[in-house]
Structure formats: structure tokens, C-alpha cells
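**Q** Provided below for reference: sequence and predicted model.
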Amino acid sequence: MKKMLKIAGIFLLAIIIGVSVVLRILGNLPAAPNDYQRTAQTGGVLEAKYMADGPCEVSVREDAVLQEFGKFIVHYPSEVETSDKKYPVIVMCNGSGTPLSKYPAVAKHYASWGFLVIGTEELYSWNAFGAEMCLRYLERWNENPKIEDTESLFYQKVDFNRVGIVGHSQGGVGVFNAITDTTRKDVYKAAVALSPTNQELAHNLMWDYDSSLIHIPVMLASGAGGGDDWVVTGEQLQEIYDDIPSGKLMMRRTDTHHGAMLYSADGYVTAWFMWLLQGDTEAAKAFVGDDAEILTNALYQDIKSDVNFEALIETSALMKP
């Protein structure tokens, strides 16, 4: 009997060690593949263009901070170091337990298109605290040539008239709360919520948000088909869409599971920000008019739009640097 118990104990220990190793390996895997820009399927010329890397070389700056999210991470065009112009901003809201260091490829991709991209190691972003702190960080470095004898890389280079925000899953809730329920909510000009947690689940988790307060152009995107998005079904995404007064776009990507929505629709996410924050009229063609590319892209379904495109075209044209 003792021998059997010993064997059983060894077997149990081996299972525990095996599970621990697997969990550690999974924990070290990136949330977005480092080469997704080249491997993700695209269904349109414009989607392919903006899924590819942009023209800018990219550098990274990290600053530790005495907050629970540990540090700020900024991906930026390397030219910032020698340029005297101002750059548009994209704030990143993390999904549950997914710090920005788990998906740097996404931030780098946005930065390659000329954006200052900032995020944190925040694990719970629903209340938009991290997003608010990111803006405070950029304000500080934008306003001061030196801070504690450190040269400010971003001194007078942040364009607070051209700020966007994007988040996935719980980060989608963070997006909604950032643009409706924070001190700096009015600084945002465009938003994207990728597979945002549905209203009922968010309420049960005490992550409440009120999408009826959204007042800026917002894109909602989730998975569909064989990879139906369990965090927000098509019906639940429609409920969020219906609550938003205007300036909204909804789409579901076929055969795409929840986690993959972090990066799979990145071509159109980038085009959205290029249009609304950089006045890129070619990017606008992905969404504008009866022949908008998104309408004929077989990778997307359940597309709905309530956007005054003429007004946005005029506004976004003013966003050019």
C-alpha cells in the first residue's frame, strides 16, 4: 500500500510540475503574434495597406512609476528624437490580465504609422485609470523640457487635439469609461472598442459603463461565425451599438475568436485612426460611401453605420499636422 501511495504521490507531483510548466509557457506567449501584420488574412486593398507596417521606424521608451501598473510604455516614431513637429496619440487599454508588454507588436504597428502610442502594465483597465494616467504622463513631458534633470523626449511634441484610444475585451470597457467618465474625457477624438465586454457581464463584474454618453466617432468590432465571440455576441454588440447616439460603426469579423480580435482587424483599426486623427482621405475610403471597402470585404459581416461621414471628412481634414 505504501508503495502504491508513493507511486501515486510521484505521479501527482509530476502532473503538478507539468501543469506549472505549461502555465508558465503560456504566460510567456505574446497575446498578439509578433508577425501578425504579415500573417493575418485581409480581404481588401485598404485593409492590407493599413495592416502592413507604416513608413516610420519605431523606438520604445519605458518609465517606471509608483502605481500598481508598474510603468508607462511609449512606442513612438524614431524621428521624434530629432523632429520639432507634434504627433497624434493612441492610448491603449489592456484586456484582462494582459499588460502592454504582452502585445508590443500592436503598439509598434500603430507607431509605425506616425502615432505616439502609450500604455501601461495595468491588468484591470475597466475604470480607465491607466488611460487617464497615460494622458497625465504625456502632459507632464510635453510641458516640461526637463524633469529631474532628464531631457524630455516629448517636449512640445504631443498633439492633444489628435488623441485616440483603443482597447480589447475589458479594455473595451476602459475605452467607454475613458471617453465618458474621466477628467480628460473631452480630449479624445476617436475610439475603437475590440470585443468589449457585454453590458450584462460588465455589470455583474461591477465594470459598469454607459455607452449612451459616447459623443465621438467609435468603431465596435468583434468575432463572428465559427469563432463567435463569447465575451460579446452579435446581439450584445448590437445592444451597445444601439445605445450610442451617433457617430458609430459596427462590424464582426468572420471565424475569429475573442483573443484574436486584439489584432486581426488591425488594418481597419489603423485606417480608422489614420482617417480621423491624421486626415488620411484614402483611409476614409474603407468606411465612407456606398462603395466603402468594408461593405464588400468577405471577412466582415453585420456591418452597421450611423456616421455623418461628410462632417467627419471635413473635421478629419483639419486633423492633418
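**A** Thanks, I have the structure now.
**Q** Would you mind giving the secondary structure of Met92?
**A** strand (DSSP: H, G, I helix; E, B strand; the rest coil).
**Q** who are the neighbours in contact with it?
**A** By C-beta atoms under 8 Å, 6 or more residues apart in numbering, Met92 lies in contact with Leu100, Val106, Ala107, Val117, Ile118, Gly119, Cys134, Ile165, Val166, Gly167, Gly171. Any C-beta I mention is one placed from the backbone N, CA and C, and that applies to glycine too.
**Q** I'd say the last one and Pro99 touch.
**A** So the one you mean is Gly171. No - Gly171 lies out of contact with Pro99 (C-beta atoms under 8 Å); the separation is 11.0 Å.
**Q** okay, the two: which has more neighbours?
**A** Gly171 (32 against 21; other C-beta atoms under 10 Å).
**Q** Pull out the buried positions in the longest strand anywhere in the chain.
**A** Criterion DSSP state E: the longest strand present in the chain is strand 158-168. Within strand 158-168, the residues scored as buried using 16 or more other C-beta atoms under 10 Å are Val158, Asp159, Arg162, Val163, Gly164, Ile165, Val166, Gly167, His168.
**Q** go on, stretch 236-246?
**A** The neighbour-count criterion (16+ other C-beta under 10 Å) identifies Gln236, Leu237, Gln238, Ile240, Tyr241, Ile244 as the buried residues of stretch 236-246.
**Q** any idea which of those residues is closest to Gly130?
**A** Nearest to Gly130, judged by C-beta to C-beta, of these is Ile240 at 21.5 Å.
**Q** Cys134 touches Gly119, doesn't it?
**A** Yes - using C-beta under 8 Å as the test, Cys134 is close enough to Gly119 to be in contact (6.8 Å).
**Q** doesn't Val65 make contact with Glu122?
**A** No - here Glu122 does not reach Val65: they are 11.0 Å apart, not a contact under C-beta under 8 Å.
**Q** Contacts only, for Ser59.
**A** So Ser59 contacts His75, Tyr76, Pro77, Ser78, Val80, Glu81 (C-beta under 8 Å, 6+ apart).
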